[in-house]
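S.K.: Take a look and give me a structure for this.
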Amino acid sequence: MISQQVVLSNRAGMHARPATLLVNKAGEFKSEIFFEKDRDRVSSKSVLGIIALGLSYDSTLKIIADGEDEQEALSALVELFENKFYED
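M.R.: Take a look at the predicted model:
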């Protein structure tokens, strides 16, 4: 199991489009993936769960991946955050 902290840096915060991108990207991997903010943890398969975390601009989130392709999965998801979900 590996994890990494990321910061949400797109000005609009987490809404349906970036949450859907996260779910779709996470679905490409065999590993189990979770998103965690404070003490709340949600599955990478739930758009509504991700939105319910209430992530706004500059929020910190932990991505947790566990499985055979965990490193590739984590890197791909971190890339979405680093590229601001291609919104800018």
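
S.K.: in which helix or strand would I find the residue of the chain positioned farthest from its centre?
M.R.: Within the chain, residue 68 marks the point farthest from the mean C-alpha position, 18.4 Å out by Cα atoms, centre = their mean. Taking DSSP states H and E as the definition, one finds residue 68 inside no helix or strand.

S.K.: what's the closest residue to it other than its chain neighbours in contact with, if anything?
M.R.: In this structure, residue 68 finds its nearest non-sequential neighbour in residue 30, 5.7 Å apart by Cβ to Cβ, 6 or more residues apart in numbering. In short, each C-beta sits where N, CA and C put it, glycine included. Neighbour list for residue 30: 67-69 [criterion: Cβ atoms under 8 Å, 6 or more residues apart in numbering].

S.K.: same thing but 10 Å
M.R.: 67-70, 72-73 (Cβ atoms under 10 Å, 6 or more residues apart in numbering).

S.K.: and if you look at residue 49?
M.R.: Residue 49 makes contact with 19, 23, 34-35, 40-43 under the criterion Cβ under 10 Å, 6+ apart.

S.K.: With residue 36 instead?
M.R.: 3, 5, 42, 53, 61-64.

S.K.: who wins for neighbours among these?
M.R.: Within the contacts of residue 36, most neighbours by other Cβ atoms under 10 Å means residue 63, with 22 neighbours.

S.K.: what's the average pLDDT for the helix or strand where it lies?
M.R.: Assigned by DSSP H and E, residue 63 belongs to strand 60-66. Averaged over strand 60-66, pLDDT sits at 98.

S.K.: partner strands of it, parallel or antiparallel?
M.R.: strand 2-7 (antiparallel), strand 32-37 (antiparallel) (DSSP bridges).

S.K.: Does the helix or strand just after that strand pack against any helices or strands, and if so which?
M.R.: Moving toward the C-terminus from strand 60-66, the next helix or strand (DSSP H and E) is helix 70-82. Contact partners of helix 70-82 among helices and strands, from 3 or more Cβ pairs under 10 Å, 6 or more residues apart in numbering; DSSP states H and E: strand 2-7, helix 16-26, strand 32-37, strand 60-66.

S.K.: which residues touch residue 52?
M.R.: Per Cβ under 10 Å, 6+ apart, neighbours of residue 52: 14, 19, 37, 40, 42, 46.
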